[in-house]
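Engineer: here is my input, please return the structure:
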Amino acid sequence: MATDTPLIPSTPFTQGLAAGRLRYQRCQACGSALTGQRYACTQCGSARLAWCDAVGTGTVYAVSAVHRAPTEAFRALAPYALVLVELDEGPRVMAHGASGLAIGERVVAHPLQVGAQPLMRFERQPAP
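Structural biologist: Coordinates of the predicted model:
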């Protein structure tokens, strides 16, 4: 696969990433916040889902180190951290993370471009 070809197909989520926005779906029936692209709410089954922009802040829920990159474009980053972040709006998202992040730390999302692939990277949230 060429490094200038996006790995993820175009969706409202990835279109948001390309515009520097982190998006999630919210159920209009029960209010649940959902990650990924869903066709129905995982809590109540309603198909009334709306795309929302996240503020981009949250708390690190899990951290993992990647030593073997999946493509040439990512090899330049290796080793790198992947983090599971619980957004302040409720859903959890997986993204790249700054080195040394720990579970429980407050983070803020920033756009990241790897080749043609728009991604998100979480970094420590500055102290207020």
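Engineer: make it CA atoms for all contacts and neighbour counts henceforth
Structural biologist: OK.
Engineer: would you mind measuring from residue 96 to residue 107?
Structural biologist: From residue 96 across to residue 107, the span is 12 Å (CA to CA, to the nearest Å).
Engineer: now do the shared contacts for the two.
Structural biologist: Common contacts of residue 96 and residue 107 (CA atoms under 8 Å, 6 or more residues apart in numbering): residue 122.
Engineer: check contacts around residue 61.
Structural biologist: Listed by CA under 8 Å, 6+ apart, the contact set of residue 61 reads 83, 84, 85, 86, 103, 104.
Engineer: and for the closest residue to residue 49 other than its chain neighbours, the neighbour number?
Structural biologist: Nearest-residue entry for residue 49: residue 27, 4.6 Å, with adjacent residues in sequence omitted and distances by CA to CA, 6 or more residues apart in numbering. Residue 27 has 22 neighbours, counted by other CA atoms under 10 Å.
Engineer: picking up where we left off before, may I ask which of the contacts of residue 61 has the most neighbours?
Structural biologist: Using other CA under 10 Å as the neighbour test, these are led by residue 85, with 29 neighbours.
Engineer: looking at this, it is in a strand?
Structural biologist: Yes: assignment of residue 85 by DSSP: H, G, I helix; E, B strand; the rest coil places it within a strand.
Engineer: and the nearest residue to it once chain neighbours are set aside, how many neighbours?
Structural biologist: Spatial nearest neighbour of residue 85, excluding adjacent residues (CA to CA, 6+ apart): residue 60 at 4.5 Å. Residues lying near residue 60 (other CA under 10 Å) number 24.
Engineer: thought residue 60 was touching residue 81?
Structural biologist: No: between residue 60 and residue 81 there is no contact, the gap being 11.8 Å when judged by CA atoms under 8 Å.
Engineer: what residues are shared contacts of the two?
Structural biologist: Joint contacts of residue 60 and residue 81 (CA under 8 Å, 6+ apart) do not exist.
Engineer: understood, closing this out.
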